[in-house]
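A.B. asks: Predicted model, plus sequence, below.
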Amino acid sequence: MGRTFFVGGNWKCNGTSEEVKKIVSTLNAGQVPSQDVVEVVVSPPFVFLPLVKSELRPDFHVAAQNCWVKKGGAFTGEVSAEMLVNLSIPWVILGHSERRAILGESDEFVGDKVAYAISQGLKVIACVGETLEQRESGSTIDVVAAQTKAIADRVKDWTKVVIAYEPVWAIGTGKVASPAQAQEVHAELRKWLQVNVSAEVAASTRIIYGGSVNGANCKELAGQPDIDGFLVGGASLKPEFIDIIKSAEVKKNA
Ligand SMILES: O=C(CO)COP(=O)(O)O
């Protein structure tokens, strides 16, 4: 079963309204493959979601970068899944390593968030990935399997999930995983899904790579059989994001 290539742009905590408008107009002018070849989702900070949603071309979609773990209420500073649904925001990124590390989000908490967001009708880009220390100690697969298990224990509808494998040591460092390194983890994750969820979910779930992806390294990564797209940080704020979207052609021609 086909896995449509998926390219997400995680803008993180960046931008002014002027800069956001500029990025959106660059994206709107970009020549990219059609939606049956590549699904594109950009994720601005919460405050810019309505602006981006109203100005962005209709073939690109928006994602929030986080949402609260359950129904809204007395949770100062949080934004609920219901609010995103209310604004017709279709996607949310959950479990990004910056939130896991800096804000102390545990595997279980991320799993709960993913399940709740899906229960409210959102689609989720769920992030997993090991630190440098974990990689060097040989526990990469155990770490990403545990992170994925916390999600799998709580989620039934995998059609709403894209897994983003983002090795922490590759994020914002310019140190991209080699195509072989990324492919190895993606293949292991797919195998994990096959054994622990189902062959069908393993075959149909998109597993995308994130960590220092740019216009120069995207094609080789996209050529790997188990890499189904990218979650892009820094380069998603630049015109080269269009080149990264175009790397979907590599898959189409494979
Ligand atoms: O964290 C990332 C996307 O979520 C990756 O960030 P960079 O592309 O800046 O390394």
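C.D. replies: On my side now, so go ahead. Numbering: from 1, shown residues only.
A.B. asks: Please, where are all the strands along the stretch 101-250 of the chain?
C.D. replies: Secondary structure of the stretch 101-250 of the chain (DSSP state E, counting those that start in this stretch): strands at 123-128, 161-165, 207-210, 229-232.
A.B. asks: which of those strands sits most buried?
C.D. replies: Of all the strands of the stretch 101-250 of the chain, strand 229-232 carries the top mean neighbour count, a mean of 30, counting by mean count of other CB atoms under 10 Å. From N, CA and C alone the C-beta is placed, and that goes for glycine too.
A.B. asks: helices or strands up against the host helix or strand of residue 49?
C.D. replies: Element membership of residue 49, judged by DSSP states H and E, is helix 49-55. Contacts defined by 3 or more CB pairs under 8 Å, 6 or more residues apart in numbering; DSSP states H and E place helix 49-55 against helix 17-29, strand 60-64.
A.B. asks: How about residue 100: what's its closest non-neighbour residue?
C.D. replies: residue 110 (7.0 Å; CB to CB, 6 or more residues apart in numbering).
A.B. asks: ah, wrong one, I meant residue 217
C.D. replies: Residue 217 sits nearest to residue 176 (CB to CB, 6+ apart), 5.2 Å away.
A.B. asks: number of nearby residues for the one you found?
C.D. replies: Residue 176 has 21 neighbouring residues, counting by other CB atoms under 10 Å.
A.B. asks: what residues are up against it?
C.D. replies: 170, 211, 212, 213, 214, 217, 221 (CB atoms under 8 Å, 6 or more residues apart in numbering).
A.B. asks: Enumerate every residue touching whichever residue of the chain sits closest to the ligand.
C.D. replies: Per CB to the nearest ligand atom, residue 233 is where the chain lies closest to the ligand, at 2.2 Å. The neighbours of residue 233, taking CB under 8 Å, 6+ apart as the test, are 10, 12, 171, 172, 210.
A.B. asks: ok, and which of the helices and strands packed on helix 49-55 has the densest surroundings?
C.D. replies: By mean count of other CB under 10 Å, the helices and strands packed on helix 49-55 have strand 60-64 as the most buried, with a mean of 23.
A.B. asks: Tell me, please, where in the protein the pLDDT is lower than the cut-off.
C.D. replies: 1 (pLDDT under 70).
A.B. asks: That one against the ligand: which residues are in contact?
C.D. replies: Proximity of the chain to the ligand, by CB under 6 Å from any ligand atom, involves residues 10, 96, 166, 171-172, 210-213, 231-235.
A.B. asks: What number of residues are in the vicinity of the residue nearest to residue 100?
C.D. replies: So residue 110, with other CB under 10 Å, has 24 neighbours.
A.B. asks: is it true that residue 151 touches residue 127?
C.D. replies: No: the pair residue 151 and residue 127 fails to qualify as a contact (CB atoms under 8 Å) at a distance of 10.2 Å.
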